[in-house]
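Trainee: Next one to model:
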Amino acid sequence: MKKVIWGIVITMLVIATGAFVLGKYVFPIEFTPNLPKPEVTEGQRGEQFGIDKNINESTIDNYLGRKDSVYRDMRMLVDPGNYEAIGGDSYISGIVNGFEVVPLPYLIPVTGLPEAVGETYTGETLFKKNEEGKYVANYKESLSIIEGLFPKDKNIFLMCGGGGYAGMAKNFLVSLGWDENKIYNVGGYWYYEGKNNVSLKHTDENGLDTYDFWRIAYHDINFANLSKAE
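Mentor: Residues are numbered from 1 along each chain as shown. Down below sits the predicted model:
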């Protein structure tokens, strides 16, 4: 009887050891470090745009590819605003690998841009501000679209050209009930010098610029397929 018991014990130890080795080498456990709490940086970048102190253009490479997070670039493919006037690019000339494009001007009306930029997109938006300054849906599907693009159970990393659209996006989401401690404005692509750059702009020998927008994970919003809110 004792031999039988010892045999069972040894068998269980062998199985447990094998499972550990298999898990270690074939199915490794991913240990995801804790994120620092969102903290607005000092100076104009923080006061005007709300760019994060710890996770920004200089450090975002350290936080890419997380399974508990989504990455959203808030620029339009081609913005009507004259961003060249402030040293930027009205086209998406490049993007940080892993970010998906969700154009902020399709979500809410854009305000507060530098005077030099002029007027940006003024067409249809998912939400508008009422007389009390609160966002209200223009379409029945507006909120469900936002919930799909910005999951509440994920950390959300926001980026744009200079940081403005990303800051507006965070303020918008927080006003709708999203947890501000899970949303990071990581700043502007124009200032990114990391190793995960995906360049989309090409200039030929005649000086003609072309853009590989097909390389972008782009979330289009077709307003023609939506139902107006009552």
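
Trainee: Distance of the residue nearest to the spatial centre of the chain relative to Ile183?
Mentor: Centroid-nearest residue in the chain: Arg72, 2.0 Å away (criterion: Cα atoms, centre = their mean). According to Cβ to Cβ, to the nearest Å, Arg72 and Ile183 sit 10 Å apart. Bear in mind the C-beta positions are built from the backbone N, C-alpha and C, glycine included.

Trainee: list the residues that contact both of the two?
Mentor: Between them, Arg72 and Ile183 share the neighbouring residues Ile156, Leu158, with contact defined by Cβ atoms under 8 Å, 6 or more residues apart in numbering.

Trainee: What pLDDT does the model give Ile14?
Mentor: Careful, residue 14 is Val and not Ile. Per-residue pLDDT puts Val14 at 43.

Trainee: so Lys154 touches Ser69, yeah?
Mentor: Yes. Assessed by Cβ atoms under 8 Å, Lys154 is found in contact with Ser69 at 5.6 Å.

Trainee: quick one: which of these two has more around it?
Mentor: When Lys154 is set against Ser69 and neighbours are counted by other Cβ atoms under 10 Å, the residue ahead is Ser69, at 18 against 15.

Trainee: which one is that one nearest to, not counting chain neighbours?
Mentor: Excluding the flanking residues, the one nearest Ser69 by Cβ to Cβ, 6 or more residues apart in numbering is Asn155, at 4.0 Å.

Trainee: Confirm for me that the one you found is in contact with Lys182.
Mentor: Yes. Taking Cβ under 8 Å as the contact criterion, Asn155 and Lys182 are neighbours in contact, 5.1 Å apart.

Trainee: Show me the helices in this structure, by range?
Mentor: All helices of the chain, identified by DSSP state H, fall at 2-25, 44, 142-149, 164-175.

Trainee: list the contacts for Lys201?
Mentor: Listed by Cβ under 8 Å, 6+ apart, the contact set of Lys201 reads Asp89, Tyr91, Ser93, Gly94, Asp209, Thr210, Tyr211.

Trainee: pretty sure the second one is touching Val78, no?
Mentor: Yes. Assessed by Cβ under 8 Å, Tyr91 is found in contact with Val78 at 5.4 Å.

Trainee: Among the two, which residue is more densely surrounded?
Mentor: For Tyr91 versus Val78, neighbours defined as other Cβ under 10 Å are more numerous around Tyr91 (19 against 13).

Trainee: Next, count neighbours for Ile95.
Mentor: For Ile95, the neighbour count with other Cβ under 10 Å is 24.
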